[in-house]
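K.L.:
dropping the sequence and predicted coords here.
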Amino acid sequence: MTTTVSRREFLKLGGAVTAAFAIGQMLPPLVAEAARQSGYLNANGDGFIPSMCEMCVWRCGLIAKVKNGRVVKLDGNPEHPHSKGNLCPRGQSGLMNTYDPDRVLTPLIRVGKRGEGLFRKASWDEALDLVAKKMLEIKQKYGPEAMVFSSTHNISQPLFENLLYAFGSPNYGTQRSLCFNAMIVSNIMTYGMEEPERSYDKVKYIILTGRNLMEAISTSETHDLSFAIDRGVKVVYLDPRFTKTAAKATEWLPIKPGTDLAFHLALLHVIIQENLYDQDFVNQYTVGFDKLAAEVQKYPPEWAAPICGIPSETITRIAREFAAAGKYALAHNGWRTSNFVNSFATERAIAALNAIVGNWGTTMFPSSGEQSSALGVPPQPPFPRVSALRLDGVPWKYPFVPLKLGIFQELRDAIVKGDPYTPHGWFISRQNPILSLPDRNKTLEAFGKMDFIVTVDIFLNDTAWFSDVVLPEASYLERYDPLLPVGNKAFLRQPVIEPQGEAKSALWIYKNLGERLGLGDYFQYKDEEDYLKQQLAPLGVSLEEVKAKGYVQLPGEGTEGNIKYNWNTASTKIELYSESLAKAGFPGGTGWEEPPQPGPGQFYLLTGKVAQQTQFATQNNQLLHKYSDEPRLWMNAKVAAQQGIKDGDWVEVASEVGKVHIRLRATEAIRPDCVFLVPGYGHLSKGLTTAFGIGASDSVLHVSYTDPISGSQALTQTFVSVSKIADAPNEKEHKPLYLGE
Amino acid sequence: MAKYGFLIDASRCIDCRACLVACSVENNVPMTHTRIWMKETGVTGEFPDLERYTAPYHCMHCVDPSCVSACTVGALQVNKDGIVTYDNDRCIGCRYCMYACPFEVPHFEWDKQLALINKCDLCVNRLEEGQAEPACAATCPTDAIQFGKREDMLALAHERIKNEPNRYIDHVFGEHENGGTSTFYISPVPFEKLGFPTTHREESPAEFNRMTTEEGTPIIAGSVLTGMTGIYLALEHLQKKNPVHTIEKDLETVDSKKEKE
């Protein structure tokens, strides 16, 4: 084979980025100029600009310190309820995300084989023309449903959805089934809302079911929990691992994986049996209590104790303590709840527990959500009617999964099988399915079936590495996004520096692609600022004012005092028993569902979070790398000793779908029947020069199992064997330097 | 003039390391160095009866610092706010401060020809700019690091111990150590278990040091420095592993294969 592309045109990572950066610096300083005009940068271009973090989806408010057109420091915005003046380590490292030498700063078009990592630079015109041409070809040949669109939760998602619905495809992949489908669908079925808000102001007793808030940091909630602990609030924490939250909890219960449901059923049993529940609240606001009572009758603490590995007296005591705290009690509904296929039932039991102690209005509140009717929106025509089935089986196989959640692993499986039809193109924005979906080999197989893949990202993440076109997005410190309501304010993400190189905002990319696809009517804004002005129009507030303050006050929302409950369920009440679920042939109540267990010589494979990294997205950040632990496989120290494996030894971890090599951490801090793999590592992309070669990917090992009700992927339902091997080759050294020598 | 101080509470620290990252950014600390470390007990006990405590650790900002007294060239100074500052233009890399500091704070940049130190200066520039707190204290999500007037921090430390005698051991680390510091720690476990240096000295040796350093031995110091750096660089050269393969190399390999085709 011969190629016409000359040596010079290949992207040389590193060098190319530096050159592009230098060009970026020479562009006229538009942001600095605008900021100077509104008076928050001085004549030298120095000052402080409020914006919003994007190192995770909690989206803290930040204040960026800018010096000579460079952002030099980020601090938490005290006015933002999610940061309260603080930022977590990821937020603190955010400018390294922007100034990462591995940034992709021009559109790239693949010239080598997929996965070979050979791209050439292209202009936006060439890249967008190519993407539009390929998408239209696919549409013409196979119908719009042959294009799959996927993106992970972000503020410009409404515009991404515009692109996909206007294009006419029903196939929408989000990360949610790998994360919190069980919790969201359970809340919808119980309370008629996605996720209630929790308050720690008056809380006196908290049960955290695997909610590792000290490592899976949501800055304000972590702060609030920490202060609650400081006040002497009792925290019961269920986790097979002694996490940093376990270290702060009043009581750590190393529960057997998959049995949280049994624990909560026994709590319900005691509280109902001993009449410790809030009868007024139950009578006024709930339906199905009698059915719940009859069901949990079967599950006394003596039944649950051997299942969970927790003494029955402990369960009884906690039930009584929780009920005694009454409305001041809080059973946290968790976040990443994709553990077992019984996670949905577990979430239902937690929801019932909160309802029967009547904590609504004290520790639980209706959520105001991320939308506000007070904000304007650009006009657009209705979307075309979609007749094709969704590949992920929602709703035709999974009637209770909301369309905007979807089931990502089922979508991937349908691509592999070509059933009910074969898609041909994939548009991916700000998402890394190659690392996030379970069973990586299968995901790579799905990628192999695609005629055309385009990825929008700021780096060559693993998914971009396997794409045909990479569109460079501006980082969160370089771009505008739509306004985001939080409580009674809408916050602004605004550029604090100019985009480097040719990077562009998602608002710009979707609009310019949309126009080429003939869908310009769905993107009726001139530019990012025009979009924001249309959002602000009904409020009569100028963009300049919002830029200076970082937020706009919304009228009449978040009113204190009397809460009016609006349970958006079929019965308009909290459904402790769901007729809708029963009618569809699922359990209407909450009963025990036995989870599968590891075979002889196998372990539960646990995954979780570390405070210094977000999912699969931040491992290349040099500042976070500097202060992260070496990712290892945790194994109980005694079990390791029995197997003749020492701390620091290399091991092979094997599941039924894959195997990885990694170093062992022998520790007392985990149950003997479990191992834990630090998530997010094991990157395939050599375009991530800091992260490549570090750690191993848990996604290689995870087996795909979908909960039939919520669509949640059961991530802990993967069992592995572990064996010692000789030292593994090709590993970069990871020497943390934060511990005192 | 009121002096600044820290109160660091190991019972509140969640080991998130936001303070470490914040410090690196604020002070432009090289990727190979740090001004803050985590001290920790590690996981102690036997499953399932376990404990773990951590605390960020940086310069204690002694009231009468031994490092300042040991510095022959005045690179280390105490300013009017009680901050122990460091001036790398003056430093000759003699390492006297490293030996003098009972808290093991000054760490040298051994990979540089002239081995300078990198240490906490309480974000003095940030404070001068009018920001209320050093970067570590400002960002701490659990208020494990608090910043204020030295006397207030000391009073708060005692108040917390008094209010919750079961939560803390009865010891404010830094109150008497090395004659008193401006960074106070309180903890649920003895400080040795957290890996703190056990200094039993309740008086700073600064007075004694001054007798020696004011006479001055900068010439000896200079020659010692040259020798030590040489030894370090030689050792490092020997220890250097085979370089990891780079992306450029990979691209070249693929590329040359293509050209052959």
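P.N.:
Noted; the coordinates are in hand. Remember, it's a predicted structure, so these values are computed and weren't measured experimentally.
K.L.:
roughly how far apart are the nearest residue to residue A:218 once chain neighbours are set aside and residue A:243?
P.N.:
The shortest distance from residue A:218 to any non-neighbouring residue, by Cβ to Cβ, 6 or more residues apart in numbering or on different chains, is to residue A:58 (4.5 Å). C-beta here means a position set from N, CA and C on the backbone, and glycine is covered the same way. According to Cβ to Cβ, to the nearest Å, residue A:58 stands 18 Å off from residue A:243.
K.L.:
neighbour-wise, which of these two wins?
P.N.:
residue A:243 (25 against 20; other Cβ atoms under 10 Å in any protein chain shown).
K.L.:
that's a helix at residue A:148, yeah?
P.N.:
No. Checked against DSSP: H, G, I helix; E, B strand; the rest coil, residue A:148 lies outside a helix; its state is strand.
K.L.:
quick check, pLDDT for it.
P.N.:
The model reports residue A:148 with a pLDDT of 98.
K.L.:
that one - how many residues pack around it?
P.N.:
26.
K.L.:
equivalent analysis for residue B:114, please.
P.N.:
Neighbours around residue B:114, by other Cβ under 10 Å: 13.
K.L.:
can you report phi and psi for it?
P.N.:
Phi and psi for residue B:114, reported as degrees, to the nearest 10, are phi -100, psi 110.
K.L.:
likewise the one 4 residues further on?
P.N.:
In this entry, residue B:118 is assigned phi and psi values of phi -130, psi 110 (degrees, to the nearest 10).
K.L.:
count of residues packed around it?
P.N.:
18.
K.L.:
that one and residue B:106: what is the separation?
P.N.:
Counting by Cβ to Cβ, the gap from residue B:118 to residue B:106 is 9 Å.
K.L.:
and if you look at residue A:575?
P.N.:
Separation of residue A:575 from residue B:106 (Cβ to Cβ) stands at 64 Å.
K.L.:
same deal with residue A:85?
P.N.:
From residue A:85 to residue B:106 the distance is 31 Å (Cβ to Cβ).
K.L.:
likewise for residue B:87?
P.N.:
Distance of residue B:87 to residue B:106, computed by Cβ to Cβ: 13 Å.
K.L.:
for residue A:104, same thing?
P.N.:
41 Å.
K.L.:
so these two - more neighbours on which side?
P.N.:
Comparing residue A:104 with residue B:106 by other Cβ under 10 Å, the one with more neighbours is residue A:104, at 29 against 23.
K.L.:
I'd guessed that one sits against residue A:458; true?
P.N.:
Yes. Counting by Cβ atoms under 8 Å, residue A:458 is a contact partner of residue A:104 at 6.6 Å.
K.L.:
Three-state assignment for the closest residue to residue A:353 other than its chain neighbours, please.
P.N.:
In this structure, residue A:353 finds its nearest non-sequential neighbour in residue A:331, 4.6 Å apart by Cβ to Cβ, 6+ apart. Of the three states, residue A:331 takes strand under three-state DSSP.
K.L.:
now residue A:331: how far from chain B?
P.N.:
As for residue A:331, its distance to chain B is 22 Å (criterion: Cβ to the nearest Cβ, to the nearest Å).
K.L.:
beta partners of that residue?
P.N.:
residue A:207 (DSSP bridges).
K.L.:
in contact with it, which residues?
P.N.:
A:206, A:207, A:209, A:264, A:322, A:350, A:353, A:354 (Cβ atoms under 8 Å, 6 or more residues apart in numbering or on different chains).
K.L.:
what strand or helix carries whichever residue of the stretch 101-250 of chain B sits closest to chain A?
P.N.:
Residue of the stretch 101-250 of chain B nearest chain A, by Cβ to the nearest Cβ: residue B:142 (3.8 Å). Residue B:142 belongs to no helix or strand when assigned by DSSP states H and E.
K.L.:
helix, strand, or coil at the residue nearest to it when sequence neighbours are not counted?
P.N.:
Nearest residue to residue B:142, sequence neighbours excluded (Cβ to Cβ, 6+ apart): residue A:226, at 3.8 Å. Assigned with three-state DSSP, residue A:226 falls in the helix class.
K.L.:
next: the one 10 residues further on.
P.N.:
Under three-state DSSP, the three-state class of residue A:236 is strand.
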